[in-house]
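> sequence and predicted structure are below.
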Amino acid sequence: MTPSPSTLPGPDPTLGSKAQPSRWLEIAVAVTAVALTSTVLVLGRNIELRVEVPGMNPRSWPTFLGGLGLGLSLILLITAIVKSPQPRDDVEATTRSGWFKLLLTVAATIAFVVTWPLLGFLVTAPVFIAAATAIAGGRGIRQLLIYPVMVAGLIYALFNLLLRVPL
């Protein structure tokens, strides 16, 4: 005779520790993506240029990425409305520690945005990247020191030196 789920040791499998499919969640995520990418597109188009030049300019990439993101977000929204919700068997249900990590990450992001103009990119970016890595569970000198410094340096070199977009 097979034991019933309620007589098995450990957590009750009928309580469902996995997240359930949700059409409203998928629609909410898609609408948020549409709003954010629309904002990127509008802000990218509103970048003031000192001199209008043909071809690539500081307005080109933000506009391209905002338009691409908006197109993909609209596809995501249409898919969320038309199709049945995707199974979320591989996603764990939300936890208190997950919400805490999310709030810490949002706080670190806000602190980064506020301190960047005051201290500069090369000071704030490695600190922010290290903080986000630590919140996500990264440990050790490579993840918390070497990786943030190298990524910030790469971003700085890409924008400031190659693209000549000051950070």
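Now that the structure is in, tell me what you want to look at. All of these numbers come straight from a predicted model, not from anything done at the bench. Numbers count the residues shown, from 1 in each chain.
> for the rest of this, base every contact and every neighbour count on C-alpha atoms.
Will do.
> helix or strand: which one has residue 113?
For residue 113, the element it lies in under DSSP states H and E is helix 96-119.
> report the buried residues of that helix.
By 16 or more other C-alpha atoms under 10 Å, the buried positions in helix 96-119 come out as 101, 104-105, 108-109, 112, 116.
> can you check stretch 142-155 too?
Buried residues in stretch 142-155, counted by 16+ other C-alpha under 10 Å: 143-144, 147-149, 152, 155.
> would a markdown table of those residues with pLDDT be doable?
What follows is the buried residues of stretch 142-155, written out as a markdown table (pLDDT from 0 to 100):
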| residue | pLDDT |
| --- | --- |
| 143 | 87 |
| 144 | 91 |
| 147 | 92 |
| 148 | 94 |
| 149 | 94 |
| 152 | 94 |
| 155 | 93 |
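> relative to residue 33, which of those is nearest.
Minimum separation from residue 33 among the buried residues of stretch 142-155 (C-alpha to C-alpha) is found for residue 155, which lies at 24.1 Å.
> once you drop chain neighbours, what's closest to residue 108?
residue 128 (6.6 Å; C-alpha to C-alpha, 6 or more residues apart in numbering).
> what's the answer for residue 61, then?
Using C-alpha to C-alpha, 6+ apart and skipping residues adjacent in sequence, the residue nearest residue 61 is residue 44, 7.9 Å away.
> hmm, the one you found is touching residue 59, no?
Yes: contact criterion C-alpha atoms under 8 Å: residue 44 and residue 59 qualify, at 5.7 Å.
> quick one, which of these two is more surrounded?
residue 44 (20 against 16; other C-alpha atoms under 10 Å).
> the helix or strand in which residue 30 is found: how far from the chain's middle?
According to DSSP H and E, residue 30 maps onto helix 23-45. Centroid separation for helix 23-45 versus its chain: 12 Å, with C-alpha atoms, centre = their mean, to the nearest Å.
> let's number from 3 now, not from 1
Happy to do that; since the first residue is 3 now, the last one works out to helix 25-47.
> and it, which residues are buried?
In helix 25-47, counting by 16+ other C-alpha under 10 Å, buried: 28-29, 32-33, 35-36, 38-40, 42-43, 46-47.
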